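Visitor: Show me how the following folds:
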Amino acid sequence: MNIGLVAHDSKKKLIQNFCIAYRGILCKHELYATGTTGRLIEEVTNLSVHKYLAGHLGGEQQLGAMIENDGIDLLIFLRDPLTPKVHEPDVNNIIRQCDMHNIPLASNVATAELLVKSLDRGDLEWREIYKQ
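Guide: The predicted structure follows:
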């Protein structure tokens, strides 16, 4: 499955630690991330990550295009709800696209953990049927 990974600046260390903890599961899937997030994940996990531009430079839009085309099966977007972003419309657009295309979305580490464990159990195989 294709997993999207995005983290706002204040959540970058958290997504790194999450990917370290679940490296054994994540390594079985294709990972896609905005530029800085992807680079930081690769540095600490040795996982291979397809990297887009940095989020604020268009990476969130690139990821959004993949979501629109059913190229992402699961999105982990650790966002900072307390710090407004200049590119907030792009953030909201990704969330809206996940809702429109029935893509499981985690916006915090607790939900991310549940989704990754579900993925490992095979609970998300319905995505393959849904995409056909």
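
Visitor: quick one: buried residues of stretch 120-132?
Guide: Across stretch 120-132, burial judged by 16 or more other CB atoms under 10 Å covers 124, 127. Just so you know, the C-beta spots here come from the backbone N, C-alpha and C atoms, and that holds for glycine as well.

Visitor: what about that stretch, distance to the chain center?
Guide: For stretch 120-132, the distance between its averaged C-alpha position and the chain's averaged C-alpha position is 17 Å (CA atoms, centre = their mean, to the nearest Å).

Visitor: now it: mean pLDDT?
Guide: Averaged across stretch 120-132, pLDDT comes to 79.

Visitor: so Asp70 sits in a strand?
Guide: No: counting by DSSP: H, G, I helix; E, B strand; the rest coil, one finds Asp70 to be coil, located in no strand.

Visitor: Could I get the full set of strands for the protein?
Guide: Defined through DSSP state E, the strands belonging to the chain, from first to last, are 2-7, 30-33, 49-51, 74-78, 105-106.

Visitor: For the nearest residue to Leu57 once chain neighbours are set aside, give me its contacts.
Guide: Excluding the flanking residues, the one nearest Leu57 by CB to CB, 6 or more residues apart in numbering is Gly35, at 7.4 Å. Residues in contact with Gly35 (CB atoms under 8 Å, 6 or more residues apart in numbering) are 51-55, 57, 59.

Visitor: rewinding a little: for Glu125, find the nearest of the strands of the chain.
Guide: Proximity of those to Glu125 was assessed by CB to CB; the nearest stretch is strand 74-78, lying at 11.8 Å.

Visitor: Run me through the strand neighbours of the closest one, direction for each.
Guide: Paired strands of strand 74-78, with direction, are strand 2-7 (parallel), strand 105-106 (parallel) (DSSP bridges).

Visitor: Settle this for me: Ala112 is touching Ala106, isn't it.
Guide: Yes: under the criterion of CB atoms under 8 Å, Ala112 makes contact with Ala106 at 3.8 Å.
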